[in-house]
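Novice: sequence isn't available, so here's the structure alone:
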């Protein structure tokens with residue numbers, strides 16, 4: 001169910017010798033990130049120095065974790081790999097397909113009925129291939145990983161961008177697409193460009209209303225949603241050591257919002273305490289023997305500017321609470337500035353909902369600190385002005401906080417306790433009245449707040465803050481309420497000032513749970529049948545994508561020129577579409593329906609060049625595909641930021657899109673495009689984006705010479721017969737070009753050639 005201590009001890013033994021060799025090879029002290037990377041080289045002992053941000057390197061991760069929405073497609077692909085069992089420890093977690101509406105008991109029962117076919121598929125395919133299965137209601141993938149599987153110095157990949165949460169326990173945990181997971185589950189190496197390194201030095205100590213969440217909200221404000229792209233963020237300093245393990249997890253979790261490959265902290269006492277509290281004293285004993293290898297060398301942290309590509313310093317003693325948003329998680333506003341910012345920007349001041357939970361903030365400490373604010377309000381007779389909802393991070397958390405009276409405290413204020421699942425954080429929220437599209441404000445402790453993400457309403461202004469600040473703002477009912485200075489009027493007409501939050505890092509009575517929700521796989525899965533109905537609208541067996549014909553792509557049509565922010569939520573929405581994540585044909589009907597067309601500034605309305613009429617993006621793509629015509633998508637900066645969902649790459653591939661040409665990519669999405677046999681290209685000159693016209697036909701004039709480091713030449717033929725020749729850069733190496741030639745990386749695995 002949990003960890004394999006023999007595997008961990010063996011990894012630590014190898015790590016020590018490999019790090020010593022790497023330090024000798026590099027000729028200088030090493031960061032923690034470098035130690036973990038060199039310890040997990042696919043070919044073992046380090047023999048070369050890698051250039052950050054340039055060299056692709058093969059690694060051997062220790063674990064794989066998949067959430068139910070992405071696991072469907074990942075495991076459908078794995079079934080084509082021809083393997084009888086996964087090669088590394090792998091788990092599947094059912095946390096995405098449970099809607100938040102009426103409360104945990106009713107919502108979970110509805111999900112088990114509505115998604116029974118999918119849950120049964122995931123259970124059986126896990127049973128067959130040696131995969132641990134966490135049932136619906138067991139909890140959110142990243143909280144469960146932290147409680148059961150994460151360990152200092154390890155490397156894991158997961159089919160969710162917030163896999164990075166495990167950095168709170170000193171791992172390098174990295175979000176990937178399903179095809180990458182299939183590689184590792186099949187016993188193959190996993191490829192990553194050797195990352196650049198960003199060091200964040202934390203001094204001082206958090207106090208008062210400030211929390212670990214404010215650290216990453218401040219970092220996001222500094223670096224923006226793309227400032228961490230291609231980099232690992234390593235936190236260090238006295239401030240880091242003084243922070244709880246789950247607080248570290250919160251910070252690492254939202255590293256996904258700055259585009260970072262992952263984030264991590266060095267091994268320390270907070271990790272020892274957490275491991276022991278979650279039943280892993282054996283890991284502590286093993287880690288203590290190699291503790292020096294599980295953090296950066298002292299010389300690195302003493303002179304960080306010499307060893308990191310960028311260094312940020314934050315004094316925690318001076319850090320005030322942040323409220324980030326709306327519509328993007330990197331727009332940071334200190335609580336003291338919110339009143340003027342909200343007024344200047346016309347943000348709705350009234351807070352309608354406060355939501356606490358998600359994989360980012362659903363620990364025991366999070367819940368207890370937020371509950372301490374609620375407890376004060378109840379004691380002083382203050383009636384909440386907004387509605388409240390919480391999602392515990394796991395059944396272990398839920399059971400423990402119920403035992404300790406924390407849930408009862410929340411319920412005194414009318415809080416709705418949702419299932420131990422993602423819920424509103426990923427759009428799985430049936431919010432009453434959201435369909436009216438009214439302008440409103442909500443505050444939550446989640447990680448993302450893109451337009452329409454939580455409730456489907458584009459006019460919902462969602463702000464990200466800490467659980468304790470969510471509680472304070474929801475109780476006050478005002479976005480511009482500053483609990484550090486402002487007071488509240490209670491039911492007796494008295495003015496009351498809330499005291500700073502307090503809560504336990506770990507439960508004083510220990511964690512407890514009756515049924516954690518884990519299903520171990522069969523010892524021998526050879527006789528287990530995985531049934532997928534041919535008439536199902538939820539699941540569909542995959543057919544291989546066609547290999548490249550070896551010719552230049554000629555006569556392709558522009559499908560859409562996306563304007564501005566185009567996240568994976570815009571490319572492949574979640575919410576009600578989650579039900580089709582295992583059916584490629586059906587899920588493709590949401591392809592790019594959220595992207596804004598640069599020519600008319602409307603979503604899901606593009607020109608069909610065959611008819612001259614306007615239609616939905618999937619509708620036009622299907623028309624081109626039926627006519628045997630390829631299509632091309634053009635995009636803006638940081639295209640594909642957000643979730644790791646590979647559906648955002650598989651859907652265009654399925655509907656005949658051959659290439660995506662953008663100003664810049666988010667890391668995971670670019671890799672997903674490559675894995676699915678597509679061309680992920682960037683403008684050599686970003687100004688060429690403006691040359692793209694609505695009726696363009698595109699010719700790839702030198703694709704037959706596709707080679708590493710050689711830009712491709714694209715000819716854009718306009719409706720009036722004029723042309724623009726545009727150079728497109730790419731980052732494909734020889735093996736990735738092999739994926740394109742074969743039609744996908746999976747095709748090579750299935751053929752036994754990868």
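Specialist: Received, thanks. Fair warning: this is a prediction, and the values are worked out from it, not measured in the lab.
Novice: max-length helix in this structure?
Specialist: Using DSSP state H, we find that the single longest helix of the chain is helix 5-26.
Novice: would you mark the buried spots in that helix?
Specialist: For helix 5-26, a neighbour-count test (16 or more other Cβ atoms under 10 Å) marks 8, 9, 11, 12, 15, 16, 18, 19, 21, 22, 23 as buried. (Glycine included, C-beta is placed from N, CA and C.)
Novice: could you list the single helix or strand in the protein with the lowest mean pLDDT?
Specialist: helix 745-750 (a mean of 87; mean pLDDT, DSSP states H and E).
Novice: that one packs against which elements?
Specialist: helix 178-185, helix 667-675, helix 734-742 (3 or more Cβ pairs under 8 Å, 6 or more residues apart in numbering; DSSP states H and E).
Novice: for those helices, which one sits closest to residue 384?
Specialist: Residue 384 lies closest to helix 667-675 among these, at 38.4 Å (Cβ to Cβ).
Novice: next one: that closest one to chain centre, how far?
Specialist: Distance of helix 667-675 from the chain centroid (Cα atoms, centre = their mean, to the nearest Å) equals 14 Å.
Novice: same deal with stretch 81-92?
Specialist: 22 Å.
Novice: contacts for it next, please.
Specialist: Residues outside stretch 81-92 that contact it (Cβ atoms under 8 Å, 6 or more residues apart in numbering) are 4, 7, 61-68, 71, 75, 78, 122, 126, 129-134, 144-145, 149, 181-182, 184-187, 525-526, 746, 749-750, 752.
Novice: that older thread, need the buried residues of helix 5-26 in JSON lines with pLDDT and distance to residue 690, can you?
Specialist: JSON lines is the format used below for those (pLDDT from 0 to 100; distance: Cβ to Cβ, whole Å):
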{"residue": "8", "pLDDT": "96", "distance to residue 690": "53"}
{"residue": "9", "pLDDT": "95", "distance to residue 690": "58"}
{"residue": "11", "pLDDT": "95", "distance to residue 690": "51"}
{"residue": "12", "pLDDT": "97", "distance to residue 690": "54"}
{"residue": "15", "pLDDT": "97", "distance to residue 690": "50"}
{"residue": "16", "pLDDT": "96", "distance to residue 690": "54"}
{"residue": "18", "pLDDT": "97", "distance to residue 690": "49"}
{"residue": "19", "pLDDT": "98", "distance to residue 690": "49"}
{"residue": "21", "pLDDT": "97", "distance to residue 690": "51"}
{"residue": "22", "pLDDT": "97", "distance to residue 690": "46"}
{"residue": "23", "pLDDT": "97", "distance to residue 690": "49"}
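Novice: may I see those arranged in TSV, with distance to residue 617 as well?
Specialist: TSV is the format used below for the buried residues of helix 5-26 (distance: Cβ to Cβ, whole Å):
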residue	distance to residue 617
8	47
9	52
11	46
12	50
15	48
16	53
18	48
19	49
21	51
22	47
23	51
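Novice: with those in mind, which one is nearest to residue 543?
Specialist: Using Cβ to Cβ, the buried residues of helix 5-26 come closest to residue 543 at residue 11, 38.2 Å.
Novice: nearest residue to the middle of this protein?
Specialist: residue 161 (2.2 Å; Cα atoms, centre = their mean).
Novice: which one of the buried residues of helix 5-26 is nearest residue 111?
Specialist: residue 8 (34.1 Å).
Novice: isn't the closest one right next to residue 283, touching?
Specialist: Yes: counting by Cβ atoms under 8 Å, residue 283 is a contact partner of residue 8 at 6.2 Å.
Novice: now the common contact residues for these two.
Specialist: By Cβ under 8 Å, 6+ apart, residue 8 and residue 283 have these common neighbours: residue 151.
Novice: where in the protein is pLDDT low?
Specialist: Under the criterion pLDDT under 70, the flagged ranges of the chain are 1-3, 753-754.
Novice: flag every buried residue along stretch 714-729.
Specialist: Buried residues in stretch 714-729, defined by neighbour count with 16+ other Cβ under 10 Å: 714, 715, 716, 717, 726, 728.
Novice: the closest residue to the fourth one other than its chain neighbours: what's it in contact with?
Specialist: Beyond its immediate neighbours in the sequence, the residue positioned closest to residue 717 (Cβ to Cβ, 6 or more residues apart in numbering) is residue 697, lying 4.5 Å away. The contact partners of residue 697, by Cβ under 8 Å, 6+ apart, come to 555, 556, 557, 558, 609, 716, 717.
Novice: which residues does residue 697 bridge with?
Specialist: Residue 697 has the following beta-bridge partners by DSSP bridges: residue 557, residue 717.
Novice: can you tell me how far it is from residue 172?
Specialist: Distance, residue 697 to residue 172, by Cβ to Cβ, to the nearest Å: 44 Å.
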